[in-house]
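Engineer: Any chance you could fold what I've pasted below:
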Amino acid sequence: MMIQRSNDLNGEVETPKASVSSISQQFDDLGGDGSPASNQLATPSPAEASRPLDLIPVRMLNEFTYCKRLGYLEFVHGEWEDNFETKQGTFGHRRVDKPDRKEVKSPESSDQSPEPDTPSDQQEQLGGEDFPTSTDAPTPSPAEASRLHARSIDMSAPIEGLIAKLDLLELDGNKATPVDYKRGRAPKVPEKAYEPERVQICAQGLILRENGYQCDEGVLYFIQSKKRVVIPFDDELVARTRQLLAEFRATAADTYVPPPLVDSPKCPRCSLVGICLPDEVVFLQAEAGNVNADL
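Structural biologist: Sure, this is the predicted structure:
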């Protein structure tokens, strides 16, 4: 069994670009008072209606964990806008998004001896040519240097209902470790990373497990701080990941957009803030509530 590589530099799944509704139309879709209007529910297009919901991209699961409305707009409506941070992320992924020519075999293969990494491959593990080894950069041990590193790997798990493009896959026999690149600095939180990133890397681990690999942990590589953060796949994180996946599947099957966040610090830096219009929608909902109270 061979694992597919992807030449798609923009993510796991391409989705159709949808037109942006006006503020009033979005408000009408909510029935004026924030509840779904029975005669004005947003009707999905034929392409959206035929979209299979059996495989959820892990990148979309990350977005949904961050904000349910964001995940819905991107996955169901196909909305996308670039901003400075998304362009930074694309630039930081430019090397790991290029598939290499190494052969990655399934765990059932009789030949499990890894192909040795070249010096450039080992540098890739540290973050690529723009992040040379320094006093604060991780230095791989001889055991780590002997592992197989493969870039831009497309994998799916039909039972879990997930699909992903892995930035980097470290293989040591039957043991697999996904490595996901993040553009910023490692956050100073007890969990070592925020929930959307931990859920995303855990979902990649679930895909690897379903494909027969032993996968007990993943790695988040924060480009700006040049730091590898190990995320163990404990029972609590696995349960939380599957819970959010089930919620996302149910939300994506619905016919109206989840409500926006209220006064959230997440919104100003979101690339879809001009499409989501959180403050405008919340304001119009409040105005409609005041009108209804006066009647």
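Engineer: so where do the strands sit in the stretch 101-250 of the chain?
Structural biologist: Using DSSP state E, counting those that start in this stretch, the strands found in the stretch 101-250 of the chain span residues 148-157, 162-172, 175-182, 217-222, 227-232.
Engineer: Would you confirm that residue 148 contacts residue 174?
Structural biologist: No: under the criterion of CB atoms under 8 Å, residue 148 is not in contact with residue 174, lying 11.9 Å apart. Where you see a C-beta, it was placed from the backbone N, CA and C, and this is true even at glycine.
Engineer: re earlier: need the strands of the stretch 101-250 of the chain in CSV with mean neighbour count, distance to residue 268 and mean pLDDT, can you?
Structural biologist: What follows is the strands of the stretch 101-250 of the chain, written out as CSV (neighbours: other CB atoms under 10 Å; distance: least, CB to CB, whole Å; pLDDT from 0 to 100):
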stretch, mean neighbour count, distance to residue 268, mean pLDDT
strand 148-157, 21, 32, 88
strand 162-172, 23, 27, 94
strand 175-182, 23, 20, 95
strand 217-222, 22, 22, 96
strand 227-232, 17, 26, 96
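Engineer: between those, which gets nearest to residue 264?
Structural biologist: Residue 264 lies closest to strand 175-182 among the strands of the stretch 101-250 of the chain, at 20.6 Å (CB to CB).
Engineer: if we can go back for a sec, possible to save the strands of the stretch 101-250 of the chain as a markdown table with distance to residue 73?
Structural biologist: Listed next are the strands of the stretch 101-250 of the chain as a markdown table, based on distance: least, CB to CB, whole Å:
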| stretch | distance to residue 73 |
| --- | --- |
| strand 148-157 | 23 |
| strand 162-172 | 19 |
| strand 175-182 | 22 |
| strand 217-222 | 25 |
| strand 227-232 | 27 |
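Engineer: Which one, of those strands, ends up nearest to residue 277?
Structural biologist: Ranking the strands of the stretch 101-250 of the chain by proximity to residue 277 (CB to CB) places strand 175-182 first, at 27.4 Å.
Engineer: And for the closest residue to residue 164 other than its chain neighbours, the neighbour number?
Structural biologist: Spatial nearest neighbour of residue 164, excluding adjacent residues (CB to CB, 6 or more residues apart in numbering): residue 58 at 4.2 Å. For residue 58, the tally of surrounding residues (other CB atoms under 10 Å) stands at 28.
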